[in-house]
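Peer 1: Take a look and give me a structure for this.
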Amino acid sequence: MKKTTILLFTLLISISCSKKNSWNINEFGAKADGKTVNTEAIQKAIDACSEEGGGIVTIEGGTYISGTILLKDNVNLHVSENAILLASVNPNDFYSIDPFIDATGQYRGQCFIGAADVENISITGKGTIDGQGKMFTPNNAKKTLKKLGLKEKKEDVTSLIAKDNQYVSKNIRYSNRPFLVRLVRVTNSKLKDITLRQPAAWTLHFFQCNTFEVDGIKIFSKANKNNDGIDIDSSTDGIIKNSLINSDDDAICFKSTSLLPSKDIVVKDCRISSGWGAIKFGTESQGNFENITVKDCHIFDTRGGGIKILSADGANASNILIDNIDMVNVEMPIFIRLCERRLTYRGAEQQPVGSINNVKISNINAVSRKIEDLRMFPTVGFYFSGTPNHKLGTITLENIDITLPGGGTEEHAKVIVPENEKEYPEFTKLGITPAYGMYARHISNLITKNISFKTTSDDARKEVITINVDNL
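Peer 2: Numbering: from 1, shown residues only. This is a model prediction of the structure:
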């Protein structure tokens, strides 16, 4: 056999035996025509990829409409820069994975992109995943169903309702508002470079996930209510970095809607804006918050709290480091609250009152919002409160410079702050404080070093008030 023939034969054998590692959804019948609902085609591509051992499922070259799709083992869903994965406007095109009822009494679990009990998955690319959230308001969802001649599909939520049924709104609300991306009990997941836009509810939810990474993504979430940016829920060993999150509700939120903790997580080098809380722990907080670091971040245009650390339902929050944070146009720079609400989720038993201990906040520069932009006037720089029977543990504050709008009057200086031990743990529930710099009460050990408060107008309140603080 000639040498060239041998080489050609060897090449053909090599090609025929090579493993396929890329699947394009167009090969499975997907169409970027703005009309076709491509759920089945996209799911077939994902299933085929996983069944062959994994690889890349590519979405490129236009706008593709879909309902719920589920990622499988070893699949990288890659949305190219010239592509948009767009949620269908039909509420019946979405279904739930591992549903639950949250602290407000809302049914949760539906999702656009989901994954449950799988490993080694990723969502990458410089394209966009858009949830069309404005189309899932109650009125718009009803209009869509009527236009399509369909009835709303509802799942039975009876088994999900907690025995005590002490939800914030005191009633259960069924809603057809899918999360944009929801990962449940996933091991080793990654989101890289992708843009996530306009979900109907939360944008990115990790529940009981282990080993996750978020790097260089963009989130814009302002189309509906309860539209959090990233929710880390009873999940461990994660990093969120180099990302931009702009949401009307909490931007990055640590939760525990199960008894498992959220722990060993780092957030760094992010730009964050929120209509309620930029970095938040809680309020759903049955499992612990442990070993969490937030550093080197810029928080801006936040109508609510810059940093909120809350334990309401039994969580023991410990070993938390907040370091090198710059805040501009933020209403409540730092709020820490331990209370005795004790809601339950997912059939768990009610937990004892939790704790907040070993929290260090350092190297913070914060400038508050203007008076006319405040939810609660006058505001305060630090608002820390345990309860008479359950104190905060050790809180350390170092190298902090806070600029506030002032405006407090003699009447504000006489305010007595209610305890509200079982209320929703929010500064607006406790109300105005008689101090403009720091109001701190029910704390075992408060350590301060190099703290500065400035006001841009006169304030008749005291700079600092501490009540029932054992060691200051």
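Peer 1: do you know how far the spatially closest residue to Pro378 that is not a sequence neighbour is from Leu374?
Peer 2: Spatial nearest neighbour of Pro378, chain neighbours left out: Gly408 (4.3 Å); criterion: Cβ to Cβ, 6 or more residues apart in numbering. Bear in mind the C-beta positions are built from the backbone N, C-alpha and C, glycine included. Per Cβ to Cβ, to the nearest Å, Gly408 is found 12 Å from Leu374.
Peer 1: what about the residue nearest to Pro352 when sequence neighbours are not counted, neighbour count?
Peer 2: Once flanking residues are discounted, Pro352 sits nearest to Gly314: 6.0 Å by Cβ to Cβ, 6+ apart. If you count neighbours by other Cβ atoms under 10 Å, Gly314 ends up with 24.
Peer 1: how about Gly314, phi and psi?
Peer 2: phi 120, psi 0 (degrees, to the nearest 10).
Peer 1: what's the pLDDT at the nearest residue to Asn242 once chain neighbours are set aside?
Peer 2: Distances taken as Cβ to Cβ, 6+ apart put Gly216 closest to Asn242, at 4.7 Å, once the chain neighbours are dropped. Looking at Gly216, its pLDDT stands at 98.
Peer 1: returning to what we had before: give me the distance between the residue nearest to Pro352 and Asn226.
Peer 2: Distance from Gly314 to Asn226, counting by Cβ to Cβ: 22 Å.
Peer 1: same thing with Glu213?
Peer 2: Per Cβ to Cβ, Glu213 is found 25 Å from Asn226.
Peer 1: Give me the number of neighbouring residues for Phe427.
Peer 2: Phe427, neighbours per other Cβ under 10 Å, totals 22.
Peer 1: still on that earlier bit, contact partners for the residue nearest to Pro352?
Peer 2: Going by Cβ atoms under 8 Å, 6 or more residues apart in numbering, Gly314 touches 285-286, 342, 350-354.
Peer 1: swap the cut-off to 7 Å and go again
Peer 2: Counting by Cβ atoms under 7 Å, 6 or more residues apart in numbering, Gly314 makes contact with 285-286, 342, 351-354.
Peer 1: and which of the residues you listed is nearest Phe100?
Peer 2: The closest of those to Phe100 turns out to be Gln286 (Cβ to Cβ; 11.5 Å).
Peer 1: which stretches of the stretch 101-250 of the chain form helices?
Peer 2: For the stretch 101-250 of the chain, the helices defined by DSSP state H, counting those that start in this stretch cover 138-148.
Peer 1: Listing partners with orientation, what would you give for the helix or strand that Asp470 is a member of?
Peer 2: Asp470 is part of strand 462-471, with elements assigned from DSSP states H and E. With DSSP bridges as the test, strand 462-471 is paired with strand 435-455 (parallel).
Peer 1: okay, the strand it pairs with in CSV with CA atoms only?
Peer 2: C-alpha atoms of strand 435-455 as CSV (Å, rounded to 0.1, in the frame of the first residue of the first chain):
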residue,chain,number,x,y,z
ALA,A,435,-29.0,58.6,66.2
TYR,A,436,-27.7,59.5,62.7
GLY,A,437,-24.4,57.7,62.7
MET,A,438,-24.9,54.4,64.5
TYR,A,439,-27.8,53.0,66.5
ALA,A,440,-26.7,49.7,68.2
ARG,A,441,-28.5,47.7,70.8
HIS,A,442,-28.6,44.2,72.3
ILE,A,443,-25.0,43.3,71.4
SER,A,444,-22.5,41.3,73.4
ASN,A,445,-19.3,42.7,72.0
LEU,A,446,-19.0,45.7,69.7
ILE,A,447,-15.5,46.6,68.5
THR,A,448,-14.9,49.9,66.6
LYS,A,449,-11.8,51.4,65.2
ASN,A,450,-11.4,54.5,63.0
ILE,A,451,-15.0,55.1,62.3
SER,A,452,-16.2,58.5,60.8
PHE,A,453,-19.7,59.9,60.2
LYS,A,454,-20.3,63.1,58.4
THR,A,455,-23.6,64.8,57.5
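Peer 1: model confidence over it, on average?
Peer 2: Across strand 435-455, the average pLDDT comes to 98.
Peer 1: Name the residues of it that come out as buried.
Peer 2: By 16 or more other Cβ atoms under 10 Å, the buried positions in strand 435-455 come out as 435-446, 448, 451, 453, 455.
Peer 1: how far out from the middle of the chain is that strand?
Peer 2: Computed by Cα atoms, centre = their mean, to the nearest Å, the chain-centroid distance of strand 435-455 equals 28 Å.
Peer 1: heads up, I number from 3, so please use that
Peer 2: Done: numbering now begins at 3, and the last item shifts to strand 437-457.
Peer 1: quick one: which of Gly410 and Leu376 has more around it?
Peer 2: Between Gly410 and Leu376, counting by other Cβ under 10 Å, Gly410 is the more crowded of the two (26 against 16).
Peer 1: what pLDDT does the more buried one get?
Peer 2: Reported pLDDT for Gly410: 97.
Peer 1: cool, Phe208 as well?
Peer 2: You'll see Phe208 listed with a pLDDT of 98.
Peer 1: Can you tell me the number of residues neighbouring it?
Peer 2: Using other Cβ under 10 Å, Phe208 has 28 other residues around it.
Peer 1: Could you check how far the residue nearest to it when sequence neighbours are not counted is from Thr213?
Peer 2: Of all residues beyond its chain neighbours, the one nearest Phe208 is Ser237 (4.4 Å), with distances taken as Cβ to Cβ, 6+ apart. Ser237 sits 9 Å away from Thr213, going by Cβ to Cβ.
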